[in-house]
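Trainee: sequence plus the predicted model coming up.
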Amino acid sequence: MSLHPNEVLRRARIARAVLLVSFTTLAGAFFRTQVLESESYVKLAENNRLREVPLPGSRGIIYDRMGEIIAENLPGYSVSILSPTEDSLRRALVGLTRIVPIDSALREFIVRRFRRAPLRPAVIFSDASFEVISALEERRVEFPDLIIQSAPKRYYPDGEAMAAVVGYTGEISEQQLALPKFATYKAGQQVGRAGLEQQYEAQLRGKEGRRFVEVDARNRVVRDAGVRADEQPEAPPPLHTNLDIDLQRFTHAYFGDSLRGAVVAMNPKTGGVLAMYSAPTYDVNRFIGGATTSYYQSLLDDPHRPLYNRALNGQYAPASTFKLATAVIGLQRGLVTMQSRMPQRCTGGYYFGRVFKCWEKNGHGDLTLAEAIAKSCDVYFYQLGLKISLANLLAGGVSLGFQDSTRVDLPAELRPTWPESVKYFNKKYGPRGWNASVVLSLAIGQANNAQTPLTMARFYSALATDGGAPRPQIVTQAVERTQILHLEPAQLEGLQLALADVVSRGTAAGAQVQGLTIAGKTGTAQVPPHPDNAWFVGYAPASNPEIVIAVILEEGLHGSRAASVATKLMERFLKKKLTLNILTPD
Amino acid sequence: MPRPLRRQSIDYPLLTLALLLSVFGIAMVFSAGQTDVPSSFVAHAWRRQLLWFGVSLLACWTVTRGSVRLVEWSAWPLYVASCLLLVLVLFFGTGAGTAASMKGWLTIGGIRVGQPAELAKLATTLMLARVLAAQRDDVRSLFDLWRPLAVIALPWVLVMAQPDLGTGIVFIGICFAMLFWAGVPWPLLLMLASPGISLILAFSTGIWGAWFLILVALVLWYRPFLLEGVLLVVANVSMGVLAPLLWDQLQPFQQRRLLVFLDPSFDTRGSAWNVTQSKVAIGSGGLTGKGFMLGSQKRLEFLPARHTDFIFSVVGEELGFVGVTIALALFLALFLRGTRVASRANDSFPSLVAFGLVAASFIHVTVNVGMTLNLMPITGIPLPFLSYGGSFLLVSWIGIALLLRISAEGRGQADALGL
């Protein structure tokens, strides 16, 4: 090689230049990464190490009209786990099985939760018992990825009394998560599943908070406190309802285990629902945190179907309680007055192709409309129905709202059944499959007529007031009333007097309450082969109604029995109110 | 007769820089072991590194006692021995750590003794220096270079057979640097490199075509021997054509690494994971870093091979741009000093040895540091003085020892030249 000093110096210069250029380039690259672009890398590093742990928010509290609690949140505990992979989750769950009960179905369910949101902690128990928590805390070190934290637990102080109206909450289902409506929800969160909880989900849902844990590259929790400031969950404002929890309790106690049916009580002027009860009932508290399979199955297997909300969706032939509708239609059309008599006096039956019996075998004799209502004479209403004619009766029923749901603020209300015209019969039975005598049955609330306690309560609210039917509402809102009766004040007053006579000396005479004038109508619906259903729909005080109640007793045999239930409830409600008014004059 | 260096002839700047880098390295290896879920091997790596540092200093002191003559004489046996070891390792070698599929480690009785490739780098540098120093005539043709090329080819083939692409790159780098220092004209160097360049450019026919035209122009202008010119063209064409075939010969992990180098988004969770996490670590370090031992990427083990290949990412994360600049400045100063030693050496052999050592170290630093920012492919080349690894630290310090010796022997002549 050439070792001439000048040559060596030249090469050394080149070498130095190469060194300087290389190191400047490297330093430049580091400058760009560490100074110019640092911020984005800081974010990436934070994303690497931090995992969000949701802090479940409290749901809004639900109050009754007096400020008593219908639904609240109790401190509870949830157990969840952060796992790097499905395999490690399964291993951890198998390990946990030695300490706490996790069956294979639950295990698969937890794995599915994990798959939906692998970076969120997979919920193992959304409401863990104290035993589970203490067992897990004892062996905490073995499961560093376990997240045990307080999670507010929904509680209904009167779970059985309120089941039909308040509903319950549950973990959001996979089907729901797929819906755009639930786009803001995440797997494992709670959602209203029925009743008010479902209807007012948007108002009741709390804002989830967040806290952060630090994880390593294998997604193992390394530190779970003080990594970054928590974001506290927020509870929404409470929900105030028109419900009267005392009346609900009283109803529940009155029904006990023996009676089956439903009650709807509301303010006839505002439509504010005071009580809504379906028997047999169930304890909504047992649905919180997921009902056990055995409990749920026992409810499903019960022949009396406790999950069936009779107050909202129980469809029953209204029977004699419907005679008021027939009377209203007759009065509307000017076919009768309160004093009108029918051509044929009641002898215990009426012949129209065949004999249509009156419930009173011995007959009622010659009656006015007012008397016919008080005595609930079938023969009178057979003739009134014929006088009105089938087509007009059907049209009248439609305009009285017997075909419309009440639009109460509860989910999944069914429409009642009422034929809108004769086409209904042609379609259902064929043009020759039915005959004109159906009008007789319809006139006394039988045949193709199925109403819910709620729709009957709405109709009697119109009778109790000025003929306007309010929209039933559980949560206080603006009053919404529709005039449906279109009667002269005198006509309406006549009907109201007749209804008062029902309780004072008519079919519900046995249900009188001392010091209270009650108006209403009994009904006894034939549902062969079962024993008759008993109805009573009425209001009190008759002079200035504050409560309208519809009661249905399945297999209650006679309307008078329903009447005694209803009047007891009215008494409870009005007397308590009276006491309160004395105590607080304002 | 071996004799120690006289106190006043010691190149203190060089020694100081090497000591500073070693201490810095041990501190970083210590920090690399500080993780939230400690792995006992990495956590205690610094102790072994400290022990090796002691051994290295001892070796350094010993080697400085040997004259350059002795070193020149020992080049042959060292070269032969290291080649034998490389052959041996092909049959009995084992993998380790991130390079588990390579056969780079010599293991005796289950204990990994070291990587013969590290020794081979040193021995080949010495051998190459010896051969090039003996070459009295000016190099006019590629055929004149057969001797040095043969010297480099043997260990290179053996290393590539492991397969260890990274060390292979280092060998080629050493070879070119030393040919340059020996005064081989740049057109010859370019022609020598041309088949390799063709191989790389073969992935795009257009670019390869352009390169080929440039090469033809170079050949016509430089006018080498006819046979040489023909061979060059043939070599380049065959590389352009053979490239896809060679590609298939690469191990899948090597292919992936090369692809990831070309496009980091190619495989985020696999090979690119390393580079991505390294960049995140460095970038999130910012100007002043997260503090010594406090890097979250490192602590939480997002950073792979944090005590070996990616130790510089720990520097970047914990000490920030300031720490990176200091580390790079130390390396630069060391290399400039080394180049000075090479240019002041009193003979061709020591001069070539010095430059070869500097070049080898320089390639390690640029490839390793460049890799942490995805400027270079992931080849598993360690960072001198910083990466955990006993045999590599030892070899690095033997290199320092040689530089100290050459510096001491060359000083007189250099002073005479007024450098």
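Mentor: Arrived safely.
Trainee: need phi/psi at the residue of the stretch 1-150 of chain B found nearest chain A.
Mentor: When scored by C-beta to the nearest C-beta, the stretch 1-150 of chain B has residue B:36 as its residue closest to chain A, at 4.3 Å. C-beta: built from backbone N, CA, C; applies to glycine. Backbone torsions of residue B:36, given as degrees, to the nearest 10, read phi -70, psi -30.
Trainee: run a quick neighbour tally on the residue of the stretch 51-200 of chain B found nearest chain A.
Mentor: Nearest to chain A, among the residues of the stretch 51-200 of chain B, is residue B:182, at 3.9 Å (C-beta to the nearest C-beta). Burial of residue B:182 is recorded as 25 neighbouring residues (other C-beta atoms under 10 Å in any protein chain shown).
Trainee: over to residue B:230?
Mentor: For residue B:230, the count of nearby residues is 12 (other C-beta under 10 Å).
Trainee: could you look up the SS state of it?
Mentor: Assigned by DSSP: H, G, I helix; E, B strand; the rest coil, the conformation of residue B:230 is helix.
Trainee: need the nearest residue in space to residue A:272, chain neighbours excluded.
Mentor: Sequence neighbours aside, residue A:242 is the residue nearest to residue A:272 in space, at 3.2 Å (criterion: C-beta to C-beta, 6 or more residues apart in numbering or on different chains).
Trainee: circling back: give the contact list for the residue of the stretch 1-150 of chain B closest to chain A.
Mentor: A:214, A:216, A:222-223, B:299-301 (C-beta atoms under 8 Å, 6 or more residues apart in numbering or on different chains).
Trainee: which non-adjacent residue is nearest it?
Mentor: Nearest-residue entry for residue B:36: residue A:222, 4.3 Å, with adjacent residues in sequence omitted and distances by C-beta to C-beta, 6+ apart.
Trainee: what helix or strand is that neighbour on?
Mentor: Here residue A:222, judged by DSSP states H and E, is contained in strand A:221-223.
Trainee: next one: residue A:124
Mentor: Element membership for residue A:124, per DSSP H and E: strand A:122-128.
Trainee: helices or strands next to that strand in the packing?
Mentor: Contacts defined by 3 or more C-beta pairs under 8 Å, 6 or more residues apart in numbering or on different chains; DSSP states H and E place strand A:122-128 against strand A:77-81, helix A:86-97, helix A:104-116.
Trainee: who touches that strand?
Mentor: With C-beta under 8 Å, 6+ apart as the criterion, strand A:122-128 contacts A:76-83, A:89, A:93, A:96, A:100, A:102, A:110-111, A:113-114, A:132, A:136, A:148, A:151, A:153, A:171, A:188, A:190, A:288-290.
Trainee: can you do 7 Å?
Mentor: By C-beta atoms under 7 Å, 6 or more residues apart in numbering or on different chains, the residues outside strand A:122-128 that reach it are A:76-81, A:83, A:89, A:110, A:113-114, A:132, A:151, A:153, A:171, A:188, A:288-289.
Trainee: now the residue of chain B most remote from its centre: how far from chain A?
Mentor: The centre of chain B is farthest from one residue, residue B:226, which by C-alpha atoms, centre = their mean lies 35.2 Å away. From residue B:226 across to chain A, the span is 27 Å (C-beta to the nearest C-beta, to the nearest Å).
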